[in-house]
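Peer 1: quick one: sequence plus predicted model below, questions after.
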Amino acid sequence: MTSLKTQIAVIGAGHAGIEAAIASARLGLDTVLFTMSLDSIGNMPCNPSIGGTAKGHLVFEIDALGGVMGEMADKVTLQSRTLNLGKGAAVHSKRIQADRKKYQELMKALIEQTENLRLVQAEICDIETTVVDGKKKISAVITALGERWECERAIICSGTYLDSRVFVGDRNFSSGPDGLLAASGGLSQALEREGIRLMRFKTGTPARVKRSSIDFTNLEIQDGEEVVTPYSALTDEHYFDTLEQVPCHIVYTSEKTHNLIKENIHRSAMYSGQIHGTGPRYCPSIEDKIVRFADKDRHQLFVEPMGENTEEMYIQGFSTSLPADVQHLMLHSLEGFENAEIMRYAYAIEYDCSDPTQLYATLEYKEISGLYGAGQFNGTSGYEEAAAQGLIAGINASLSLLGKEQIVLKRSDGYIGTLIDDLVTKGTNEPYRMMTSRSEYRLLLRQDNADRRLTEIGYSAGLISEERYNKFLDKKAQTDAEIARLESTYISPLVANPFLEARNLSTVATGISLVELLRRPTLTYDELAEIDTNRPALSRGARMTAEISIKYEGYIKRQIAEVNRKARLDEKKIPENIDYQAVKGLRLEAIQKLSKVRPLTIGQASRISGVSPADISVLMIYIGIV
């Protein structure tokens with residue numbers, strides 16, 4: 001057997017693997033990125049988009065830490081929209097339509113040009129461990145061609161390839177996503193042999209339709225936004241000012257569509273009993289929607305381009321595992337799709353993934369030192385969730401090798417912290433999707449302040465350059481100075497009242513500060529320019545953060561107080577070798593859950609489902625911290 005060496009082996013070149021490999025290589029570690037095909041790097045087998053509700057927040061956070069998804073997404077944007085603008089700033093979420101092939105090409109080129117990073121087309125089918133001081137430690141990964149790669153750290157980012165199976169009606173076969181590659185065989189068995197618990201999950205995707213076969217005449221047009229905020233601090237904020245955005249369209253299912261699905265639902269792989277894996281609750285197939293929301297007479301679908309140089313169109317919301325003949329009938333029942341041609345058929349895919357409660361918050365396995373998990377392998381769904389985990393795993397694998405303290409993001413630090421804490425503390429019984437409602441601190445975790453929350457951490461880890469860090473400090477100083485200026489600048493009634501009367505707002509009897517005016521719900525920072533004639537020239541980002549900070553100041557202070565209160569529990573450590581069976585007064589369910597998760601702090605223990613406040617009190621008394 002050929003034996004080769006590397007410091008860090010990254011298994012899988014999807015969104016998690018890319019971030020993990022580039023992060024570790026940029027931190028100076030010799031890294032090998034293994035992929036089953038060089039042609040599938042950074043593939044988007046489902047929706048050709050990046051961002052969305054809470055997912056957009058993740059992309060901004062990835063960028064703030066020094067990851068690459070945001071920068072690449074900016075370069076391949078076909079259309080950009082900010083979702084939830086009718087709601088508060090906390091839930092405003094950027095989403096872009098991406099040129100799928102261009103994204104893959106740029107990512108592959110970036111990997112090839114990254115120093116310390118080798119790209120190898122090979123399937124990893126086995127791992128080796130050794131025992132050091134009574135604990136397992138990763139020592140090598142084995143390829144299907146028989147090569148043995150010694151490594152000090154390994155990161156599993158296998159996506160949906162592990163023992164994966166594709167389903168279309170009554171047909172099913174071993175395959176990876178997109179029908180591009182064979183399933184990964186062998187690694188699942190190797191992981192189980194090493195004591196890693198696996199789960200079986202399922203996801204799916206809609207058909208791809210030929211653009212020229214669609215009649216767009218009566219479809220609703222969905223244009224992009226006029227002012228686009230880039231995902232990345234490395235992208236000039238005026239980069240999109242001249243971008244000619246590609247329109248998307250909206251179509252609706254009809255009574256005929258629903259009847260076709262009902263008549264054939266017994267032929268769906270989901271409802272015929274063929275699929276045993278658990279699917280994503282928040283991204284159901286169209287047949288699942290028809291069953292679960294039987295009172296709805298139509299469902300909204302989005303018609304989105306796959307790229308500039310392809311005829312393929314993606315029908316978001318039309319995912320199915322119904323057979324090919326029914327897919328044609330369903331598609332032709334939609335307005336404008338009477339003559340539509342299917343280029344790729346919809347399918348469901350079932351795959352193995354790991355129970356994430358086996359991981360520390362660093363994403364390292366508790367029982368196998370040096371082995372990390374990231375992405376859909378950890379039970380999540382979505383490109384953004386995967387990339388976020390890959391970045392953290394890559395950073396931490398590198399820091400641990402360099403003898404430095406690994407980073408653990410708190411729930412109050414960002415959606416990435418919330419995502420990882422949910423996974424390792426609560427686990428998941430379905431593909432986990434990030435949503436703004438999952439965070440109790442979402443007013444603090446906005447898109448506009450991702451840099452203020454996380455750039456210091458990325459800089460300390462070594463992924464943010466000195467030049468970029470100085471630009472961040474300049475923007476931060478600009479924002480703080482502008483807030484101070486608005487607080488100290490007063491407008492006389494003679495100037496303020498005509499401005500207010502023109503907007504049917506109540507007038508003032510004495511001078512009023514610009515901050516007080518800006519706190520009025522209907523007034524914006526840009527509108528105040530009419531009476532704020534000496535304002536400095538600021539970047540869009542600085543203006544946005546200043547305005548939101550002022551408008552939500554009271555609520556933000558309350559959330560910060562709540563963070564500080566709960567932080568005290570996360571500072572209280574639990575001995576790693578504690579025997580929960582010996583803690584008198586703990587309920588049986590709490591003993592079982594605590595023994596499985598092995599929380600490191602009282603705060604983490606308090607967030608485990610099935611552990612009550614009374615259990616926490618008993619535990620704190622036992623370890624002598626109250």
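Peer 2: Received the coordinates, thanks.

Peer 1: I'd say L363 and A393 touch.
Peer 2: Yes. Counting by C-beta atoms under 8 Å, L363 does reach A393; the two are 4.4 Å apart. The C-beta positions use only the backbone N, C-alpha and C, and glycine is treated the same way.

Peer 1: OK, contacts around the closest residue to I368 other than its chain neighbours?
Peer 2: The spatially closest residue to I368, leaving aside those adjacent along the chain, is K136, at 4.6 Å (C-beta to C-beta, 6 or more residues apart in numbering). Shown in contact with K136 (C-beta atoms under 8 Å, 6 or more residues apart in numbering): T129, T130, E194, G195, E367, I368, S369.

Peer 1: do that again at 7 Å, thanks
Peer 2: The contact partners of K136, taken as C-beta atoms under 7 Å, 6 or more residues apart in numbering, are T129, E194, E367, I368, S369.

Peer 1: which ones are touching the closest residue in space to E501 that isn't next to it in sequence?
Peer 2: Of all residues not flanking E501 in the chain, T507 sits nearest, at 6.3 Å (C-beta to C-beta, 6+ apart). The contact partners of T507, taken as C-beta under 7 Å, 6+ apart, are N497, L500, E501.

Peer 1: check G185 and give its pLDDT.
Peer 2: pLDDT recorded at G185 is 81.

Peer 1: residues touching stretch 405-414, excluding its own?
Peer 2: With C-beta under 7 Å, 6+ apart, stretch 405-414 has contacts from 61, 361-362, 395-396, 399-400, 416-418, 420-421, 439, 441, 444-445, 450, 453-454, 457, 461, 563, 570.

Peer 1: can we see that at 6 Å?
Peer 2: Contacts to stretch 405-414, defined as C-beta atoms under 6 Å, 6 or more residues apart in numbering, come from residues 61, 361-362, 396, 399-400, 416-418, 421, 441, 445, 453-454, 563.

Peer 1: re the thing from before, okay, and the common contacts of L363 and A393?
Peer 2: Shared contacts of L363 and A393 (C-beta under 6 Å, 6+ apart): Y372, A374.

Peer 1: show me the shaky parts of the protein.
Peer 2: 1, 180, 282, 626 (pLDDT under 70).

Peer 1: now the farthest one out in it, which residue is it?
Peer 2: When distances are taken from the C-alpha mean of the chain, L494 lies farthest, 50.2 Å away, according to C-alpha atoms, centre = their mean.

Peer 1: okay, the contacts of K136 in TSV with neighbour count next?
Peer 2: Listed next are the contacts of K136 as TSV, based on neighbours: other C-beta atoms under 10 Å:
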residue	neighbour count
T129	21
E194	17
E367	14
I368	20
S369	18
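
Peer 1: max pairwise distance over the residues you listed: which two?
Peer 2: Pairwise distances across the contacts of K136 (C-beta to C-beta) peak at 12.0 Å, for the pair E194 and S369.

Peer 1: hmm, back to that, now intersect the contacts of T507 with the helices, please.
Peer 2: N497, L500, E501 (DSSP state H).

Peer 1: is the closest residue to the second one other than its chain neighbours in a helix, a strand, or coil?
Peer 2: What that stands for is L500. Using C-beta to C-beta, 6+ apart and skipping residues adjacent in sequence, the residue nearest L500 is T507, 5.3 Å away. Here T507 is recorded as coil under DSSP: H, G, I helix; E, B strand; the rest coil.

Peer 1: what of D126?
Peer 2: strand.

Peer 1: what bridges to the closest residue to it other than its chain neighbours?
Peer 2: What sits nearest to D126 in space, not counting adjacent residues and going by C-beta to C-beta, 6+ apart, is I142, at 3.9 Å. Listed by DSSP bridges, the beta-bridge partners for I142 are D126, R148.

Peer 1: from the ones in helices among the contacts of T507, which is closest to T77?
Peer 2: Nearest to T77 among these, with distances taken as C-beta to C-beta, is L500, at 39.0 Å.

Peer 1: tell me the spacing between the closest one and E516.
Peer 2: 12 Å (C-beta to C-beta, to the nearest Å).

Peer 1: that older thread, redo the contacts of T507 as a markdown table? Include neighbour count.
Peer 2: A markdown table is the format used below for these (neighbours: other C-beta under 10 Å):
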| residue | neighbour count |
| --- | --- |
| N497 | 17 |
| L500 | 20 |
| E501 | 11 |
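
Peer 1: which one of the ones in helices among the contacts of T507 is nearest F318?
Peer 2: So of the ones in helices among the contacts of T507, ranked by how close each gets to F318 (C-beta to C-beta), first place is L500, at 49.4 Å.

Peer 1: output the longest helix belonging to this protein.
Peer 2: The chain, longest helix under DSSP H: helix 466-488.

Peer 1: helices or strands up against it?
Peer 2: helix 450-461, helix 514-518, helix 540-551 (3 or more C-beta pairs under 6 Å, 6 or more residues apart in numbering; DSSP states H and E).

Peer 1: excluding chain neighbours, what is closest to T130?
Peer 2: S139 (4.6 Å).

Peer 1: the one you found and D126, how far apart?
Peer 2: In terms of C-beta to C-beta, S139 sits 12 Å off from D126.

Peer 1: likewise N497?
Peer 2: 77 Å.

Peer 1: who does the helix or strand hosting I221 pair up with?
Peer 2: Here I221 sits within strand 220-222, counting by DSSP states H and E. When pairs are called by DSSP bridges, strand 220-222 turns out to pair with strand 248-252 (antiparallel).

Peer 1: after the partner strand, which helix or strand is next?
Peer 2: Counting by DSSP H and E, what follows strand 248-252 is helix 255-264.

Peer 1: can you name the residues that contact R153?
Peer 2: I8, G370, A397, L401.

Peer 1: how many neighbouring residues does the residue lying closest to it once chain neighbours are set aside have?
Peer 2: Counting by C-beta to C-beta, 6+ apart, A397 is the residue found nearest to R153 once chain neighbours are left out, at 4.1 Å. By the criterion of other C-beta atoms under 10 Å, A397 has 34 neighbours.

Peer 1: what's whichever strand or helix holds A397 packed up against?
Peer 2: For A397, the element it lies in under DSSP H and E is helix 383-401. Applying 3+ C-beta pairs under 6 Å, 6+ apart, we find helix 383-401 packed against helix 15-26, helix 55-65, strand 153-156.

Peer 1: make JSON lines out of the ones you listed and add distance to H266.
Peer 2: Compiled in JSON lines, the helices and strands packed on helix 383-401 are given as follows (distance: least, C-beta to C-beta, whole Å):
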{"stretch": "helix 15-26", "distance to H266": "36"}
{"stretch": "helix 55-65", "distance to H266": "34"}
{"stretch": "strand 153-156", "distance to H266": "37"}
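
Peer 1: mind checking the ones you listed for the one nearest to A605?
Peer 2: helix 55-65 (25.7 Å).

Peer 1: okay, the closest one in CSV with CA atoms only?
Peer 2: Listed next in CSV are the C-alpha coordinates belonging to helix 55-65 (Å, rounded to 0.1, in the frame of the first residue of the first chain):
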residue,chain,number,x,y,z
LYS,A,55,-28.8,31.7,5.6
GLY,A,56,-27.8,35.2,4.3
HIS,A,57,-26.7,36.0,7.9
LEU,A,58,-24.5,32.9,7.8
VAL,A,59,-22.8,34.0,4.6
PHE,A,60,-22.0,37.5,6.1
GLU,A,61,-20.6,35.7,9.2
ILE,A,62,-18.5,33.3,7.1
ASP,A,63,-17.0,36.3,5.3
ALA,A,64,-16.4,38.2,8.6
LEU,A,65,-14.4,35.2,9.9
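
Peer 1: elements contacting it?
Peer 2: The contact analysis (3+ C-beta pairs under 6 Å, 6+ apart) places helix 55-65 against helix 69-75, strand 93-98, helix 383-401, helix 415-421, helix 450-461.

Peer 1: any idea how far the residue nearest to Y469 when sequence neighbours are not counted lies from A542?
Peer 2: Excluding its sequence neighbours, the residue lying closest to Y469 (C-beta to C-beta, 6+ apart) is Y459, at 4.8 Å. Distance, Y459 to A542, by C-beta to C-beta: 19 Å.
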